[in-house]
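Need the 3D shape of this:
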Amino acid sequence: MLKIIAGVAALCLSIGYVAGDVEMQRFNGSVIDGCCDPGENSTSAAVTYAGKFQSQDACEKLCVDDETCLSYTWIGPNPFGSQQYSMMCYLRHDDSWTLNVEGGHFSGRKCNSTTGKKYSPQWCSVTTHPIPTWYEEAKFGFYAHFGPYSVPAYSSEWYSRNMYQNGSSVNKYHVSKYGEDFGYKDFIPMFTTPKFNATEWAQLYRRAGARYAGPVAEHADGFAMFNSSISKYNAVNMGPKRDITGEMESAVRASGMKLITTMHHQWLWAWYTTYDNNTDTGQPQYELTSDHGGLYGPKVANAKCFSSNTACNITKQFNDYFLGKVLEVVDQYKPDVLYFDSRLGWIDEEHRLAFLAHYYNAAEEWKTQGTHDGVIVTYKNTDLEWGSGVLDFERGGVGSIQKQTWQTDDAVDRHSWSWVNPSSLKNETELLGELIDIVSKNGNFLLDIPPHADGSINMTVQNTLKAMGDWLSTCGEAIYASKPWSDGVYGEGPTQISPGSFHEWPIYTSKDFRFTTNGKMLFVIAMAWSADGSFHINSVNTSSIGKRITNMSLVGSTEAVHYSVDANGLDIAALSKPVGVEHAFVFRAYLDNSNMGFIMWDLLDEESGGFISPGNVNELIWRSGGSADMLVKIEMWTALSETEGIWATVEEQVPNTGRFSWSAPEELPSAVVLRISSMQEPDLFHITSHRAMTLV
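Residues are numbered from 1 along each chain as shown. Next up is the predicted model:
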């Protein structure tokens, strides 16, 4: 049994004193030295334990047996309303124990700021950073492996390394096609990207249903796809001679999406055979030194330095180089998501904490400027402390619902992250099945779309993405802003994935189902259409959520859904396959006599570029499970002070048509927060935030 160490505590109210010695921090409030501080953004707070811990043993039993230590409720004037958090014991990397809050990221240690800013370079500080709501609701994003390795279009994005591995298939191919004296540096002049068009990429991503997107800012090859002052080996200075990352940033934001930039350059340590003076990788003009950033990285002793971070001591110079590149991307492009490939744990703790604190503090400033509403870092394996970012599984996933949002990153090609010939492409049915499975377990899906070396995107890939977008435009209500089924059941059926990384998603059958929820509705997603149009779902029965179902409908169809629920499950009588819907099929199960079921904002009209335009008409768009003759209410958050505000009515008695033309005031805050709610069921509401376009 795990040894849990936790303090003894009891009930804490904002107006009283709490006995105990638990020291923790939370977002917008804290429990410090046994006193409850509601924080600057709340008027009341309470911390209650799921059990009264009279001893450490009592906490141990509760945490191990029940996997929950306490719950926390925050109620205040914050426009996003009440939030409920649950806590569990968690073993930190330094072998101490914390009580870790789901979504709020408590730290088990008291953490004093060393910088005077909100986040200091300490794990106890950066692990308090919350996952932004927009990210939890986004579910789907794109990125692109694009660099000089795209030119040979052979094997994979590891071409730059493997071409120097004597006797490998890539080495043999390279020598045969380009000759022994042709180094990776010689691909850079060939990488001119004449057909790269960031606007076309972003429009395709949005058409496909992405909510965040962006470029690989730098892969392991040492060539930066952004404007770097640290190394001359960058896309602005040579090759394309344009700021690929900068162009993507502008285009992505103009399309109303959030920006992701991905960083892989920690792999540059021993990526190349810099110990071999017989190749160009061993020549000093390409070596990373204190004077310049070399394409091929630092000089290392031997090949073992690539296999283990303990075989050779990674130098401070390389750690500084890594950090400098990250800060360049953060400060220039202000990404909403900063993704890191594996081996981030090879970078020393000081430098990892430095970029986390810098990024999260910068984001606090961006929020005050109205340009951002939260950022997040993603990482793999155990490269960061739990709570300091979102855990990412490469070409893999999980086997059950996770309490904290997680991410899968995968590629449209089965074997490579960059475009290669021949390719092995996944189709839209495979990719949508992957997306649905991930979302049902509280995950996000980041999909790599590799372009050709000239910057164009393969037409087969484009058609696949458009087909995904067609499905999401109809059935996205079961994906965006959804949550897992609270009963802990993500789905059922014969087809399951193997938890972990590096595996392919299976092809699902009509016996496979996945579940999501949104408001007072359970979405039952049939992963394929059955032969006769009827379905049986075991998990939805009168012992579970089935007893609450009062109506059903099929997304994309006007045909009535006839169903019955008993102890053996939910039976849906045969009906016609909805016209124009393929791949997977979404049944709405309305709960507790709800007529609306759910309501959620969608992206703004495409012409808006994701901005609210002051003094002009703005098309607001939403989805719901209700009919057009129902009514909704639209409100805007109006701050009265730094800690208080009200919801001001924009319009009420609005027909539930999914669109409303809003004549926005000429004066708006930089961040416009809007709420939409059902007039009949006001507890069904959704909140979104948009930037106001600056008037010139």
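
number of nearby residues for the nearest residue to G610 once chain neighbours are set aside?
Residue nearest to G610 in three dimensions, not counting chain neighbours: G256, with 2.6 Å by CB to CB, 6 or more residues apart in numbering. Placement of C-beta: from N, CA and C, glycine included. Using other CB atoms under 10 Å, the number of residues around G256 comes to 20.

And stretch 335-352, what's buried?
335-348, 351-352 (16 or more other CB atoms under 10 Å).

scratch that, stretch 297-307 is what I was asking about
Applying a neighbour-count criterion of 16+ other CB under 10 Å, the buried positions in stretch 297-307 are 297-300, 305-306.

For F660, what is the enclosing helix or strand?
strand 659-663 (DSSP states H and E).

What helices and strands are in contact with that strand?
With contacts taken as 3 or more CB pairs under 8 Å, 6 or more residues apart in numbering; DSSP states H and E, strand 659-663 sits against strand 617-624, strand 645-655.

Please repeat the previous calculation with a cut-off of 6 Å.
The elements that strand 659-663 packs onto, with contact taken as 3 or more CB pairs under 6 Å, 6 or more residues apart in numbering; DSSP states H and E, are strand 617-624.

can you give me the angle the strand it packs on makes with strand 645-655?
When axes from the mean of the first three to the mean of the last three CA atoms, to 10 degrees is applied, the directions of strand 617-624 and strand 645-655 differ by 80 degrees.

Could you list the low-pLDDT ranges of this structure?
By pLDDT under 70, the low-scoring segments of the chain are 1-114, 694-696.

Using the three-state scheme, assign the residue of it positioned farthest from its centre.
What lies farthest from the middle of the chain is N278; by CA atoms, centre = their mean that is 43.5 Å. Secondary structure, DSSP: H, G, I helix; E, B strand; the rest coil: N278 is coil.

phi, psi of it?
For N278, the backbone dihedrals (degrees, to the nearest 10) come out as phi -90, psi -10.

who touches it in this structure?
By CB atoms under 6 Å, 6 or more residues apart in numbering, the contact list for N278 is empty.

So what's the gap between the following helix or strand past the strand holding F660 and the chain middle?
Moving toward the C-terminus from strand 659-663, the next helix or strand (DSSP H and E) is strand 671-678. Relative to its parent chain, strand 671-678 has a centroid offset of 22 Å by CA atoms, centre = their mean, to the nearest Å.

can you pull out the strands in the stretch 401-550 of the chain?
With strands called from DSSP state E, counting those that start in this stretch, the stretch 401-550 of the chain shows them at 406-411, 443-448, 491-492, 513-517, 521-526, 535-537, 549-554.

Those strands: which one's closest to R211?
Closest to R211 of the strands of the stretch 401-550 of the chain is strand 443-448 (CB to CB; 9.0 Å).

dump the residue contacts of I314.
If a contact means CB under 6 Å, 6+ apart, then I314 has W269 as its contacts.

Among the buried residues of stretch 335-352, which pair sits farthest apart?
Spanning the widest gap among those are D336 and D348, at 26.5 Å by CB to CB.

Please enumerate the helices of this protein.
Under the criterion DSSP state H, the chain contains helices at 56-66, 123-126, 133-138, 159-162, 169-178, 198-207, 244-254, 304-307, 316-333, 349-368, 428-440, 459-475.

export these to CSV and tack on distance to V579?
As requested, these are exported to CSV (distance: least, CB to CB, whole Å):
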stretch, distance to V579
helix 56-66, 48
helix 123-126, 50
helix 133-138, 29
helix 159-162, 45
helix 169-178, 48
helix 198-207, 21
helix 244-254, 33
helix 304-307, 55
helix 316-333, 43
helix 349-368, 44
helix 428-440, 18
helix 459-475, 11
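
Quick one: end-to-end distance for stretch 503-511.
This stretch, stretch 503-511, spans 22 Å end to end (CA to CA, to the nearest Å).

Alright, I will stop here.
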